[in-house]
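**Q** Fold the stuff below for me.
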Amino acid sequence: MLLDRIEVVTLFVDDIDEAKAFYRKVFAPDVVYQDAVSAVLKFSGTMINLLDAAQAPQLVEPVAVSAPGSGARVLLTIKVDDVDAVCAELRKLGITLLNGPIDRPWGRRTAAFADPSGHVWEVAQELR
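**A** Numbers count the residues shown, from 1 in each chain. All right, here's what the predicted structure looks like:
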């Protein structure tokens, strides 16, 4: 059994319309599917499914869906060539960075920001 091909990451969002607008603005992805409670977005070889959190319990029960604002539960990293340039573009879009850019001891320069539901995204470049 080989479980090494992540196809979709589903993010439970608090406001589906706000989430769709954020992801369109920041990432400009192709939309694979959308309806009133979800949007599946194409990110190169992976898809991100934005799902209204009210629809999530049936997918994860008996585990509970965490409450809004209860803290970060995921960090999604995108590899980039120039973190500082990407951060400048994010700021132009009105995105506030949580941290960075900062050189990390594991050989990456990173910066992080959050979507409206608190999912944390990181941009990272390899340091030479």
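**Q** give me the beta-bridge partners of residue 31?
**A** residue 41 (DSSP bridges).
**Q** Pop the domain breakdown of the chain in here.
**A** For the chain, automatic domain parsing gives the domain ranges 1-56, 72-128.
**Q** Of those, give the one that comes closest to residue 66.
**A** With respect to residue 66, and counting by C-beta to C-beta, the nearest of the domains of the chain is domain 72-128 at 5.9 Å. The way it works is simple: take the backbone N, C-alpha and C, and place the C-beta from them, glycine included.
**Q** first vs last residue of the closest one, how far apart are they?
**A** Criterion C-alpha to C-alpha, to the nearest Å; first-to-last residue distance in domain 72-128 is 30 Å.
**Q** follow-up on the earlier one: out of the domains of the chain, which gets nearest to residue 65?
**A** Closest approach to residue 65 among the domains of the chain (C-beta to C-beta): domain 1-56, 4.6 Å.
**Q** returning to what we had before: output the domains of the chain as TSV; include the columns mean pLDDT, distance to residue 62 and mean neighbour count.
**A** Converted to TSV, the domains of the chain look like this (pLDDT from 0 to 100; distance: least, C-beta to C-beta, whole Å; neighbours: other C-beta atoms under 10 Å):
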stretch	mean pLDDT	distance to residue 62	mean neighbour count
domain 1-56	94	13	14
domain 72-128	95	17	14
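**Q** okay, those domains in CSV with distance to residue 63 next?
**A** Below are these laid out as CSV (distance: least, C-beta to C-beta, whole Å):
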stretch, distance to residue 63
domain 1-56, 10
domain 72-128, 12
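**Q** And the lengthiest helix in the chain, what does it pack against?
**A** The longest helix of the chain (DSSP state H) is helix 16-27. Helix 16-27 sits against strand 38-43, strand 46-52, with contacts defined as 3 or more C-beta pairs under 8 Å, 6 or more residues apart in numbering; DSSP states H and E.
**Q** what angle do it and strand 38-43 make?
**A** Relative orientation of helix 16-27 and strand 38-43, computed by axes from the mean of the first three to the mean of the last three C-alpha atoms, to 10 degrees: 10 degrees.
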